[in-house]
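S.K.: the sequence and its predicted three-dimensional model are supplied below.
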Amino acid sequence: MADDSRKNQRGVNNRHGAIGSYAAIGDSFTEGVGDPGPDGTFVGWADRFAVLLADQLPDLDAATNTDGSAGSAHGNFRYANLAVRGRLLDQIVEEQVPRAKELAPDLVSFCAGGNDIIRPGTDPDDVAERFERAVADLTRSVGTVMVTTGFDTRGVPVLRHMRGKIATYTAHVRSIADRYDCPVLDLWSLRSVQDRRAWDDDRLHLSPEGHTRVALRAAQVLGLDVPTDPDQEWPPQAQRGTLEVRRDDIHWAREYLVPWIGRRLRGESSGDHVEAKRPDLLPL
């Protein structure tokens, strides 16, 4: 699939103007799982993208607030992250979309449906229909809705066999974006995340570097200047031997696959009892 995410970068940015507020909705990908911060909470691509958005606003460091106190850099920018790991599309629509509409930010990023698609027996056409209804609802209430495609999983062992299903859903997401004039964060075309170093040890979530590259691509989609190319080649690394690969596979199965299967059998989710890390539009 060709990458057209850069084709209309400047047009998107000029049409919608400066972005002073941003809300992210979604699942573990948008919550930032795989990218832990120093305080134990996850950072992730959306948090990093918010910083890039704030950096585009005028520096208010030397300004003063209306009460006479000193202003701060990017003090007018506000950011909320409503995403919760493990959430299915209908849960995101029920729990997060109404809150995003209430906040009414300049920009909403909407990434959902991935957890539905990887479940056996789900129909990507049906998931896409429900996704489109949510996009239509959001676009009536917020400034801009940026939608996100799936990754090309040909290099992700645990998801490789679902590549066709994910591709079908991705095609639907792009078509929906065309119908509602939404910018597209096209992860399918982001070649740099094909490298295993872009992925966490669980092989389901991005690593900190992977999240960083997605944030950079998101900024490019909106026509922002970025400090480095998200598709920059990774440094060369030594070839791994068969024994090392097998040892890693055994460790992964014991530490991640078996617990994941156990949760599925018990009807549990990694997001049970987890709340949004940033439910309000607040300064960075």
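M.R.: Perfect, I can see it now.
S.K.: for the residue nearest the centre of the chain, helix, strand, or coil?
M.R.: Note on the chain: the residue nearest the mean C-alpha position is residue 30, at 4.0 Å, using Cα atoms, centre = their mean. For residue 30, the assignment made with DSSP: H, G, I helix; E, B strand; the rest coil gives helix.
S.K.: pull out the buried positions in the strand or helix carrying residue 169.
M.R.: Element membership for residue 169 (DSSP states H and E) is helix 163-180. For helix 163-180, a neighbour-count test (16 or more other Cβ atoms under 10 Å) marks 163, 165-174, 176-177 as buried. All C-beta spots, glycine's among them, are computed from the backbone N, C-alpha and C.
S.K.: try stretch 193-213
M.R.: 193, 195-196, 198-200, 203-213.
S.K.: what's that stretch in contact with?
M.R.: 28-29, 32-36, 43-45, 48, 151-152, 154-159, 187, 190, 192, 214, 230-231, 234, 237, 252, 255-256 (Cβ atoms under 8 Å, 6 or more residues apart in numbering).
S.K.: please enumerate the helices of the stretch 1-150 of the chain.
M.R.: For the stretch 1-150 of the chain, the helices defined by DSSP state H, counting those that start in this stretch occupy 9-16, 28-31, 44-55, 89-95, 97-103, 114-117, 124-139.
S.K.: correct me, but residue 44 touches residue 31?
M.R.: Yes: counting by Cβ atoms under 8 Å, residue 44 does reach residue 31; the two are 6.2 Å apart.
S.K.: report the secondary structure state of residue 273.
M.R.: Relying on three-state DSSP, one would call residue 273 coil.
S.K.: could you report the neighbour count for it?
M.R.: Using other Cβ atoms under 10 Å, residue 273 is surrounded by 5 other residues.
S.K.: that one and residue 24, how far apart?
M.R.: Residue 273 sits 21 Å away from residue 24, going by Cβ to Cβ, to the nearest Å.
S.K.: now swap in residue 202 and tell me
M.R.: Counting by Cβ to Cβ - residue 202 and residue 24 are separated by 21 Å.
S.K.: and for residue 233?
M.R.: For residue 233 relative to residue 24 (Cβ to Cβ), the value is 28 Å.
S.K.: higher neighbour count, those two?
M.R.: Set residue 233 next to residue 24 and count neighbours by other Cβ under 10 Å: residue 24 wins out with 32 against 9.
S.K.: skipping adjacent residues, who's closest to the more buried one in space?
M.R.: Nearest non-adjacent residue to residue 24, counting by Cβ to Cβ, 6 or more residues apart in numbering: residue 46, 3.8 Å away.
S.K.: likewise for residue 229?
M.R.: Per Cβ to Cβ, 6+ apart, closest to residue 229 is residue 216, 7.5 Å.
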